Structures are given as structure tokens and as C-alpha cells.
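Chemist: Fold the following and give me the result.
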Amino acid sequence: MPPTVESQRTLRLCAPVGELTSVEAAADGQANSPKRFGMVAYTGGTMRLRGWPHPVVVDLAGMTVSAKSRPILKDHNPSLIVGHTDAVRVEGSQLLVSGIVSGGGVVAREIVDSSLAGFPWQASIGASPQNVETIPKGRSAQANGQVFSGPVQIVRRSRLGEVSFVALGADDDTSAQIAAQELTKENSEMDFQAWLTHKGFDAEAITEAQEKSLKAMYDAEQAPDKATVTATATAAQDDEGDDKSPAVLARIEAGGLIADMRAEATAETQRIAEIRRLCASEHSEIEAKAINEGWDAPRTELEILRAQRPTVNGVRTGNDAQTPNALEASLCLSAGLSEDQVGAFYDERAVNAALSRQMRGAGLHTLLYEVIRAAGGSARAGRMDNETIRSAFSADRQLVQASGGAGFSTISLTGILSNVANKTMLAAYQAVPSVAPQIASETDVSDFKQVTRYRLTGVGLFEKVGPDGELKSAEPSEEAFTNQVETYGRMITLTRQMIINDDLGAFLQIPRLIGRMSALKREEAFFELLLSNPNSFFATGANNFLSGAQTALSIDALTQAEQLFLDQTDSQGKPILLSAQTLLVPTSLKVTAEQLMKETRVNETTTANKPKVANNPHAGKFTVASTPYLNTQSIIGGSSTAWYLFANPADIAAIELAYLRGKRTPTIESGETDFNTLGMKWRGYFDFGISMQDSRAAVKVAGV
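Modeler: Coordinates of the predicted model:
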């Protein structure tokens, strides 16, 4: 499901950014004066966003923008303040933003300096979705003066939260620049007029004395230091002749300067006091770091709890699952999985951590060092020998023992590598285009014993109830089908040489192969059973087989096969009202099948070369599935001319795929190798069974 307002998930949309307006400096032209900017924050088109299954469009007509200024951040991080907006408006299909680089820290200076040096910043808006409309494939909808074809998701109502500078957005062609420009006196006066309007004053209605006071407040906001505040207050006193005048103080407060400074000072004092209270005198290092880096109370308390975690057998433990997740995500990225694939397995925090400079490109050595460090040991970076490998294995056993004994979750060498191997294997497994699940029902069994499925068919139809109100009993007749799960698998090994070479790619080639082999094995076993035609599953006597010169794939042959399907009956000769859903063909007939399902007019002739009606009554009627297993020469029964019709397996299934205890993908389990082998080993296996079921749910046509 797409994010909703209840989840408070934020849309981060990176859109083409227009040229920034000239950045306005203070009237005195100081080099470090606040800068202004303007940008096209969103152009109204589609976006590819992590966590959303389809492209996303934000309908600007339904976007709510608060009257208050919105923060300008870096990378959507609330602690990385660049400035604030003074105007946000929608013009046509564009969201236009202007504002002031009012941040006083390193981040704001970085944005300004790097932009002046030519760095191509991009823009990203953060908006909370409140109503999302999903447009399916084949349909279209309008938004932002454009027409969008499905599948697409349109955010019909949203609320703008913030705007961020980002180094890399969804569109690499976007740009954002800051160009310094000293203002003339005329430009400064014009900016003061805009400032008055933004603050809610009528420039035509204020008195000369009020204008002086407001001008002083305007200058103070451009450089809000103590000296400026004093100058502002003095100017106001001179105008009114009373340094205690409520009217003067009210006007100063109206500008927001003193109130904001007082609020910020109060908040900072309270933050530091709370940090000192939490740390007391026992965590001086955490206290100093928290105050210096601007931590809030929850972050400080979390670090204290981590420092106070108990130890089991000398191992520091705790429920910090972010580090293992980030390590796994980084290893998956190093193994070649795409960011979207990794994002499907891990949350945004773990993916962001994996993409950070500290963790990007992690390999086997990184994991071994982290395991040793987590167990309280140390390892010299760059040194990977037998002793380091043994230390990592020993640390892993120690961590697993501590985790199992106390119930904590922690870093595990075997666990993380197994998880990464499983995800790599799963990605390879899912990448194989499989036909079997499209035409077979899928079910789960609890063990390896043979299971029997029953379909009860009532003898006779409903009958009219007599005057006495007595209902006659219908005697059920059982139709039984069996299935049994088998195990398919291989053993894989992480060798000492792979570890020393930090060769994660070579190791993960093995689970990739296992994932692909598992998918191919299931597909091969499926079609071996189908083509073997067990117990004459397809036969003329079963009313599900056609052959002869008139059965080559065509409109007429499809008509015959469909009628055979529709005329199927139960054991009492009563119609079962079953229709076909899937047209299964060998690759030799793929193009022909697709043409028959897409084209409304098909030119065919009789054997006497006489013209026929060109209308195609079967266009769009069936879903086409194609596989090379049907016409391969390596499987007995393969044919390049035979084709099939299958019912919806959710209704009645011709074939059943059974899996053990709901596990419908292969599994990898890990363990150490024998004592004389310095490495680790995994076993990959897949439990599934395939069985023919109801012969009335499929029709085979020989095509010759």
C-alpha cells in the first residue's frame, strides 16, 4: 500500500531547479551578509521514489503550504539548517520557492561557498501525503496540467514540510546556484519594502518614526548579533523618548528578533541542563560530545543506555539492530544488488547508513573486524591472516553464546553472511522468468509425507422443496489428488582464500547460482511432469485433447479448444462452468499467440485459399505464457507445435505446486567447516513437490 497521512511518511521529491535569483547582501555589502535565493522546487512531473511501487506525481493543486516560513535544510536533516523561505507559490505546473540563507552554522556556509565555487546543487521538497490515488495500467489521469498514463500514483492532497539542498536528486540535470551580488542603496530599499510586506506591515500606513524603528529591526535581522540588537533598541528609544515604552518594546517584539533570540537561548539552556542531568557525573565524555554536537535529550539517553549495557562472558550486549542491518545492507550493495533491491529488504535508515562514506564498499574484512570489535577485541586494519580469521570465528561464537543466553541481538558473522547470501540468492531466484506459478496452484504442507487433496462434487443440482419443507440430501463423491514434497539442494563453502582476498563477489556468486538453479530446477521438474502426460492426463477420452491438421494455432483452433473447455462436465455429466484463462505456448508460437491476443483483425484463408472473416473474436481473451521447455529436445514429450489452455488455478487447478511449511523460496543455512579447514560452509536447499490434479482444468492441442 502507498504511504498515507496516518503513517506520516514524507515524500522527498527531487525536481528540476531553476536559476536562483541574485543573492541579496546587506546594504553595507559585507561579504558574509545573509544571502537570498529562489528556485523552481518541483516541475509537476513523475518521480521515482524509494518505497513506492510506481512513479509518483504530486498534484500541486492539492498541496497545502503553511503561511509560516518553511525551513530550508540540507539532505532533509532537521539539524542541518541552511535557511528559511519567505515565499512559496504555485505557478502553472511549477512550485516556486524563495527565501534567505539564514543559517548561522557550517552547513549554510558550505552551501553558499560551494555554490559560488560552481558546485551544481539540486533541490528536494519534503511533503506529507494525505491522499494518494493509484492509476492502474491502461488508464490515465490529469494533474498539474499534464496527462499521466498508469501505472502511476498521484498524491492528490499533501502538506509541504521543508525544502532541502541535495547533492544528487532524482534528476541529474537539475541545478542550483548561489551568486554573490552586493546591493545598491536602491536594491536595499526595495528589499526593505518586501520585508515589510512579509512581516505584515502596510508600507503606506506606517509613520516616519515607525519606519525608522522597523528599518533598525530589518538591519538587525540581517546580522542578528548583540551589538545590532542594542542598536535597534537605542533607535527605538530615541524615537519615543522612553527607554521603557511598551509601544517601543512591542514594535521590537513584532519583528520577532528579541523573541526568537530569547526562545533560542531558553531552548539551548534547557537542552544543556537536561543533558547534564542525564549524564550526572558518570558520563563526562558523553556529556561533552552531546553538548558540542547539539544532541537532544532522547539521543543522549540512548547513548547512555548503550554505554550501560550489561556484559555476558565479557561481551558488551544490547538491542542495537541498526549496525547489523547497516552492515548487511552495505554488503548487499557491494555484492551487486541495486539500491532499490536493498531498499526492499531494509528500512531507509539502514540503507542511508550503508550508503554513507564510512560503510560504502564494505567487504568480508569489514565484517570480520566488526565482529571482533563487537566482542570487545581488536584487530589491526589491513591485516588478514589465519590468526585474524580464527579471532573472528572465536568472537562470533562468543557473541552468539552471549546473544542466546541473555536474549540480546547483536552482530553475528554467520548470521549476517547467511542473510546476505539469502538475499543475493533470492534476488537471483526472482530474476528467473517463471511460468509454473502462473498456471499452477500453490499450497503448503507440514511435512514430507504424501498428502491427498479432495474435491467434493455434489450429485445432482438443487431441487424444488415440497410442501412439507423437507430438503433432500445430496451425496458427495470424492475426487482425490496426491502430492509430495521433495528436497533439492547443494553445499557451498567460504574458503580461507576468499576471506584473505576479501572476495565477497566470488563467495556470493555461489548463492546467486543456487538461487538461479533453484528456479530452473522447479521449472524443469514442472514441465518434465507436464510433458510426460502421467496416467494419460491429456487424452481424447478425458475430453481435454485435440489433434489433427486443423489444430495449428489459429482462430479456428482456439475456437475448438475453448468450446472443449467450456463443455467440461462433472462425474454426473453436469456442466461445471469453467473457462480458460491462460494460453501456454512454446517459444516457436509466442509471436503468433501474442498477435492473436492483441490484434482485433487477422487475415486468414482456408485451405482452398478462400477469404475468411477478418474479425478476431479471441483478441484479449487469454493471457499468453511462453516457455522454451515445451519445445526443448532434452525433455521427452516436447513439441514446437503443441499448445495449451489452462483455467485460473485459484478456481480449479490442473497442476499443484506444494511447499514445505510456507517456505516458497530456497533456504541457506551456515556453519563452520571441519577443524582442518579454515573457513565456513553453507547448504542451500529447496523443498517443493509437483503433482497433476484436475484434468478438466486444462486442454492440450497437438497443433498437427
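Chemist: Could you use CA atoms for every contact and neighbour count after this?
Modeler: OK.
Chemist: which residues are in contact with the helix or strand containing Ile72?
Modeler: Element membership of Ile72, judged by DSSP states H and E, is strand 71-74. The contact list for strand 71-74, computed with Cα atoms under 8 Å, 6 or more residues apart in numbering, reads 79-85, 101, 107, 161-166.
Chemist: So which bits of it are buried?
Modeler: Neighbour counts over strand 71-74 (16 or more other Cα atoms under 10 Å) mark Pro71, Ile72, Leu73, Lys74 as buried.
Chemist: swap in stretch 358-375?
Modeler: 359-375.
Chemist: ok, back up a step: could you export the strand holding Ile72 as PDB, CA atoms only?
Modeler: Only the C-alpha atoms of strand 71-74 are listed here, as PDB (Å, rounded to 0.1, in the frame of the first residue of the first chain):
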ATOM      1  CA  PRO A  71      12.800  25.600   6.800                       C
ATOM      2  CA  ILE A  72      15.500  25.200   4.200                       C
ATOM      3  CA  LEU A  73      17.700  22.200   5.100                       C
ATOM      4  CA  LYS A  74      20.500  20.100   3.700                       C
END
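Chemist: Partner strands of that strand, with direction?
Modeler: Here strand 71-74 has these sheet partners by DSSP bridges: strand 77-91 (antiparallel), strand 152-166 (parallel).
Chemist: any idea of the mean pLDDT in the first one?
Modeler: Think strand 77-91. For strand 77-91, the mean pLDDT works out to 83.
Chemist: can you give me how far it is from the chain middle?
Modeler: Chain-centre distance of strand 77-91: 26 Å, with Cα atoms, centre = their mean, to the nearest Å.
Chemist: now do stretch 691-704
Modeler: The answer for stretch 691-704 is 40 Å, by Cα atoms, centre = their mean.
Chemist: returning to that earlier point: could you name the stretch from the strands paired with strand 71-74 that's closest to Ala614?
Modeler: Closest approach to Ala614 among those (Cα to Cα): strand 152-166, 35.7 Å.
Chemist: sorry, back to before: helices - which of the buried residues of stretch 358-375 land there?
Modeler: Leu364, His365, Thr366, Leu367, Leu368, Tyr369, Glu370, Val371, Ile372, Arg373, Ala374 (DSSP state H).
Chemist: can you name the two of these that are farthest apart?
Modeler: Pairwise over those, using Cα to Cα, the maximum falls at Leu364 and Ala374, 15.4 Å.
Chemist: For Asn422, see how far away Gln595 is.
Modeler: Using Cα to Cα, to the nearest Å, Gln595 is found at 40 Å from Asn422.
Chemist: who's more crowded, the two?
Modeler: Asn422 (23 against 14; other Cα atoms under 10 Å).
Chemist: So what sits opposite the residue nearest to Gly489 when sequence neighbours are not counted in the bridge?
Modeler: Nearest in space to Gly489, with sequence neighbours left out and distances taken as Cα to Cα, 6 or more residues apart in numbering, is Tyr685 at 3.8 Å. Counting by DSSP bridges, Tyr685 forms beta bridges with Gly489, Thr667.
Chemist: And Ala87, how far from Phe37?
Modeler: Counting by Cα to Cα, the gap from Ala87 to Phe37 is 11 Å.
Chemist: again, but for Ser284
Modeler: Applying Cα to Cα to Ser284 and Phe37 gives a distance of 42 Å.
Chemist: Have a look at those two and say which one is more surrounded.
Modeler: Phe37 (22 against 12).
Chemist: what's the burial count for Pro437?
Modeler: 14.
Chemist: Let's see the pLDDT reported for it.
Modeler: Predicted confidence (pLDDT) for Pro437: 91.
Chemist: And for Glu211?
Modeler: Reported pLDDT for Glu211: 69.
Chemist: Check Gly256 too.
Modeler: pLDDT, read off for Gly256, is 49.
Chemist: now Phe462
Modeler: pLDDT at Phe462 comes out at 63.
Chemist: can you offset everything so residue one is 24?
Modeler: Sure thing, new numbering starts at 24, so read that last one as Phe485.
Chemist: And for Trp705, the neighbour number?
Modeler: 23.
Chemist: Surely it is in a strand?
Modeler: Yes: counting by DSSP: H, G, I helix; E, B strand; the rest coil, Trp705 is located in a strand.
Chemist: where in the stretch 224-373 of the chain is pLDDT low?
Modeler: Low-confidence segments of the stretch 224-373 of the chain (pLDDT under 70): 224-237, 239-285, 304-305, 325, 328-346.
Chemist: Touching, Ile522 and His388? I think so.
Modeler: Yes: at 7.2 Å, Ile522 counts as touching His388 under the criterion of Cα atoms under 8 Å.
Chemist: Not counting its neighbours along the chain, what's nearest Ser649?
Modeler: Val608 (5.0 Å).
Chemist: Show me what the helix or strand harbouring the one you found packs onto, helices and strands only.
Modeler: Assigned by DSSP H and E, Val608 belongs to strand 603-609. For strand 603-609, the packing partners by 3 or more Cα pairs under 8 Å, 6 or more residues apart in numbering; DSSP states H and E come out as strand 646-650, strand 666-670.
Chemist: Just want the angle from it to strand 666-670.
Modeler: 150 degrees (axes from the mean of the first three to the mean of the last three Cα atoms, to 10 degrees).
Chemist: re the thing from before, in JSON lines: the ones in helices among the buried residues of stretch 381-398, plus distance to Gly317 and pLDDT.
Modeler: As requested, these are exported to JSON lines (distance: Cα to Cα, whole Å; pLDDT from 0 to 100):
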{"residue": "Leu387", "distance to Gly317": "35", "pLDDT": "79"}
{"residue": "His388", "distance to Gly317": "33", "pLDDT": "82"}
{"residue": "Thr389", "distance to Gly317": "30", "pLDDT": "81"}
{"residue": "Leu390", "distance to Gly317": "31", "pLDDT": "82"}
{"residue": "Leu391", "distance to Gly317": "33", "pLDDT": "82"}
{"residue": "Tyr392", "distance to Gly317": "30", "pLDDT": "82"}
{"residue": "Glu393", "distance to Gly317": "28", "pLDDT": "81"}
{"residue": "Val394", "distance to Gly317": "30", "pLDDT": "82"}
{"residue": "Ile395", "distance to Gly317": "31", "pLDDT": "83"}
{"residue": "Arg396", "distance to Gly317": "27", "pLDDT": "79"}
{"residue": "Ala397", "distance to Gly317": "27", "pLDDT": "78"}
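Chemist: With respect to Leu553, which of those residues is nearest?
Modeler: Leu387 (44.0 Å).
Chemist: wait, the closest one sits on Ile522?
Modeler: Yes: between Leu387 and Ile522 there is a contact under Cα under 8 Å: 6.4 Å.
Chemist: C-terminal to the helix or strand containing Ser441, what's the next element?
Modeler: Using DSSP H and E, Ser441 sits in helix 436-454. Counting by DSSP H and E, the next helix or strand C-terminal to helix 436-454 is helix 459-462.
Chemist: Mind listing residues that contact whichever helix or strand comes after that next one?
Modeler: As assigned by DSSP H and E, the chain's next helix or strand after helix 459-462 is strand 464-468. Contacts with strand 464-468, where a contact means Cα under 8 Å, 6+ apart, come from 474, 508, 672-673, 676, 678-685.
Chemist: Check stretch 533-542 too.
Modeler: Stretch 533-542 is contacted by residues 444-445, 447-455, 457, 511-513, 515, 689, 707-709 when judged by Cα under 8 Å, 6+ apart.
Chemist: Give the buried residues for that stretch.
Modeler: Applying 16+ other Cα under 10 Å to stretch 533-542 flags Ile533, Pro534, Arg535, Ile537, Gly538, Arg539, Met540, Ser541, Ala542 as buried.
Chemist: Reformat these as a markdown table; add secondary structure.
Modeler: A markdown table is the format used below for the buried residues of stretch 533-542 (three-state DSSP):
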| residue | secondary structure |
| --- | --- |
| Ile533 | helix |
| Pro534 | helix |
| Arg535 | helix |
| Ile537 | helix |
| Gly538 | helix |
| Arg539 | helix |
| Met540 | helix |
| Ser541 | helix |
| Ala542 | helix |
